[in-house]
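Asks: The amino acid sequence is not available; the structure is as follows:
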């Protein structure tokens, strides 16, 4: 639903949210390269973190590492979890996540506004 809201609210700015389920071929090699390319080309990345994603293991954190490596603005939304709970977890939390600004998923509209401002600023500079 967040993807739909992001694309709908920023439609006038031409924002398209890349997602694995919708935009990715299924070959593992293609997935790794496509993921890296999509993050590199992104204006911003958004990570929705919940207890379920934390239980999923380290593989889903490559996007976070790529965002950091390519200096892509990153927004972290915590869903059914707060920052203090995240810090108390003993394993499965990447250091990049703990050093990032984390926001409540309830603040998603502010994140959409922030991304819109990044897009408009970039468009003015192009």
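Replies: Noted; the coordinates are in hand. All values derive from a computational prediction rather than experimental measurement.
Asks: show me where this structure has helices.
Replies: Shown for the chain, the helices assigned by DSSP state H span residues 2-9, 20-23, 28-41, 51-55, 62-69, 83-88, 95-98, 108-125.
Asks: Who are the packing partners of the fifth one?
Replies: Using 3 or more CB pairs under 8 Å, 6 or more residues apart in numbering; DSSP states H and E as the contact criterion, the secondary-structure elements in contact with helix 62-69 are helix 28-41, strand 45-49, strand 74-78, helix 95-98. Using the backbone N, CA and C atoms, a C-beta is placed for each residue, glycine as well.
Asks: 6 Å instead?
Replies: Where contact means 3 or more CB pairs under 6 Å, 6 or more residues apart in numbering; DSSP states H and E, helix 62-69 is packed against helix 28-41.
Asks: got the buried residues for the helix it packs on?
Replies: With burial defined by 16 or more other CB atoms under 10 Å, the residues of helix 28-41 counted as buried are 34, 35, 36, 38, 39.
Asks: In terms of distance to residue 55, which of the residues you listed ranks first?
Replies: When the buried residues of helix 28-41 are compared for distance to residue 55 (CB to CB), residue 35 wins out at 20.5 Å.
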